[in-house]
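Asks: just coords:
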């Protein structure tokens, strides 16, 4: 194995640049180093002005999502040795506006996440005296896969519909909406449906399936969205044919 | 709901059409438009074809076979035009072309099958 | 992601902000019209979607065939003759492959949309897909029997 590998990193400084450009750095190629280690080496030893987000460095916080050779990945979980002899191209997460270097603006995702109400919605809160909500393992199993989302937005970088349509809610937000819809403690399914059934909320999804392929936590957002569509369709027919049955 | 959204209904038509297209169209296409014209298998006689198409069940079957896949095409093609060519700004025209086309095809199928002697 | 500018909490802004110390000039790139040529997965997706055009073509042919059948034996024979034209045969060969592509991608993907559960455990995707394929074979056999018999 060679000593070093080239990292081609996007640089963009809004004060100085009109558009981003790639800058190459040589970083040590160690067997156990990830792309994130390479970026931190650059920041520590070569160019302290390189900006990027990271935190846990173990694939659970969802901060370090970037494009590695055109594929959206968690840089803390992507090994440099897999790309030897390189160079490795590291770019900011696709379909998000770039603030600086590898840092993207995530306000759109945050707004959409908030809009789907990703929390337990109750018509009536259970008083403390009545104790906890009880849930069987089977009930938890219904939504568990969709609860694994770490909000890394890698699925957004893989979703062409999100890139093309600013109104589309996007994979992670929809998977999380479904996660709460399926939770036995939740009573907010109707509220979420009213929000999302309009226009491109869910229906913009054409089941490309890339989101599921790239998800580091195997959440299967594509599956969640199709199930959500099925629920919305059933609810539509039910409200049409049996309006008394819908709550 | 203030205004009932139409998308869930359109998606249902798309799904139903997709199932019909997946289950039935391959065998029909293969037999009717490849095997029979090319002589690999013997085409049904005119009398048999007429008997099959004339039968009430046959007419319903043919109506479903023609109508639902058209709505499947309409929905899918609409989104392909939106995303593939990025012409969503003329969405009203696209919607009219797609769903209008499906409605016209369905009406034609209905007319042809209902008024068969 | 085109030209809708958002403020810090994600609301749409009426005009793009000028660069200032407190709002940096974010860089937004436009998605190319040929985005679907960039990756094989995307191209496969667009081809899958375009298979619907060949499904529609099948319906058009079937409408013509119904018209031919109801118009009498001469029209039926003429239509059969027309179906033998090289251009039509070629189009139908291509259509057949696209229609197969649609069927296979549809059956493979259906289990994810349905999430069938039996007794609390999720039925594996391969079982759902398998039963779809089985239904396909059975239905095709019935249609073939009806068209070939007699």
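Replies: Good, I have the coordinates. All values reported here derive from a predicted model rather than from experimental measurement.

Asks: now do the contacts for the residue of chain B found nearest chain A.
Replies: Distances between chain B and chain A by C-beta to the nearest C-beta are smallest at residue B:8, namely 3.7 Å. C-beta coordinates here come from the backbone N, C-alpha and C atoms, glycine included. Counting by C-beta atoms under 8 Å, 6 or more residues apart in numbering or on different chains, residue B:8 touches A:197, A:203, A:229, A:232-233, A:235-237.

Asks: now residue C:147
Replies: With contact taken as C-beta under 8 Å, 6+ apart, residue C:147 is in contact with B:31-32, B:44, B:52.

Asks: helix/strand/coil for it?
Replies: With DSSP: H, G, I helix; E, B strand; the rest coil as the basis, residue C:147 sits in helix.

Asks: how far away is the residue nearest the centre of chain A from chain C?
Replies: The centroid of chain A falls nearest to residue A:153 when counting by C-alpha atoms, centre = their mean (2.4 Å). Remark: distance between residue A:153 and chain C (C-beta to the nearest C-beta, to the nearest Å) = 13 Å.

Asks: next, that residue: phi, psi?
Replies: The phi/psi pair for residue A:153 (degrees, to the nearest 10) reads phi 70, psi 10.

Asks: got it, and residue A:24?
Replies: With angles defined as degrees, to the nearest 10, residue A:24 sits at phi -100, psi 140.

Asks: list the beta-bridge partners for it.
Replies: Beta bridges link residue A:24 to residue A:8, judged by DSSP bridges.

Asks: and the helices in chain A?
Replies: For chain A, the helices defined by DSSP state H occupy A:35-41, A:107-115, A:137-144, A:154-158, A:160-164, A:171-181, A:189-196, A:200-203, A:210-214, A:221-241.

Asks: quick one: least confident of the contacts of residue B:8?
Replies: Among the contacts of residue B:8, residue A:197 carries the lowest pLDDT, at 70.

Asks: tally of neighbours for the residue lying closest to it once chain neighbours are set aside?
Replies: Distance criterion C-beta to C-beta, 6 or more residues apart in numbering or on different chains; nearest residue to residue A:197, sequence neighbours excluded, is residue B:5 at 4.9 Å. Using other C-beta atoms under 10 Å in any protein chain shown, residue B:5 has 19 other residues around it.

Asks: residue B:5 and residue A:232, how far apart?
Replies: Distance, residue B:5 to residue A:232, by C-beta to C-beta, to the nearest Å: 9 Å.

Asks: what sits in contact with each of the two?
Replies: With C-beta under 8 Å, 6+ apart, residue B:5 and residue A:232 have common neighbours residue A:197.

Asks: give me the below-cutoff pLDDT ranges for chain C.
Replies: C:1-21, C:120, C:150 (pLDDT under 70).

Asks: ditto for chain A
Replies: The low-confidence ranges in chain A, as defined by pLDDT under 70, are A:1, A:198-199, A:245-247.

Asks: show me what from it comes close to chain B.
Replies: A:160-161, A:164-165, A:194, A:197-199, A:203-204, A:206, A:229, A:232-233, A:235-237, A:239-240 (C-beta under 8 Å from any C-beta of the partner chain).

Asks: what are the buried residues along the helix or strand bottoming out on mean pLDDT in chain B?
Replies: Every helix and strand of chain B was ranked by mean pLDDT, DSSP states H and E. The lowest is helix B:46-54, at a mean of 91. Counting neighbours by 16 or more other C-beta atoms under 10 Å in any protein chain shown, one finds that the buried residues in helix B:46-54 are B:46, B:49-50, B:52-53.

Asks: would you convert those into JSON lines that also reports distance to residue C:22?
Replies: Converted to JSON lines, the buried residues of helix B:46-54 look like this (distance: C-beta to C-beta, whole Å):
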{"residue": "B:46", "distance to residue C:22": "80"}
{"residue": "B:49", "distance to residue C:22": "76"}
{"residue": "B:50", "distance to residue C:22": "78"}
{"residue": "B:52", "distance to residue C:22": "74"}
{"residue": "B:53", "distance to residue C:22": "73"}
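
Asks: would you mind measuring from the residue nearest in space to the middle of chain C to chain A?
Replies: Compute the mean C-alpha point of chain C, and by C-alpha atoms, centre = their mean the closest residue is residue C:49, 3.5 Å away. For residue C:49, the distance to chain A equals 7 Å [C-beta to the nearest C-beta].

Asks: helix, strand or coil for that residue?
Replies: Secondary structure state of residue C:49, per three-state DSSP, is helix.

Asks: does it touch residue B:73 like I think?
Replies: No. Residue C:49 is beyond contact range of residue B:73, at 10.0 Å (criterion: C-beta atoms under 8 Å).

Asks: if residue A:72 is in a bridge, with which residues?
Replies: Residue A:72 has these beta-bridge partners by DSSP bridges: residue A:67.

Asks: returning to that earlier point: turn the helices of chain A into JSON lines, columns for mean neighbour count.
Replies: Below are those laid out as JSON lines (neighbours: other C-beta atoms under 10 Å in any protein chain shown):
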{"stretch": "helix A:35-41", "mean neighbour count": "22"}
{"stretch": "helix A:107-115", "mean neighbour count": "18"}
{"stretch": "helix A:137-144", "mean neighbour count": "14"}
{"stretch": "helix A:154-158", "mean neighbour count": "28"}
{"stretch": "helix A:160-164", "mean neighbour count": "23"}
{"stretch": "helix A:171-181", "mean neighbour count": "26"}
{"stretch": "helix A:189-196", "mean neighbour count": "18"}
{"stretch": "helix A:200-203", "mean neighbour count": "23"}
{"stretch": "helix A:210-214", "mean neighbour count": "21"}
{"stretch": "helix A:221-241", "mean neighbour count": "20"}
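
Asks: perfect, I'm done here.
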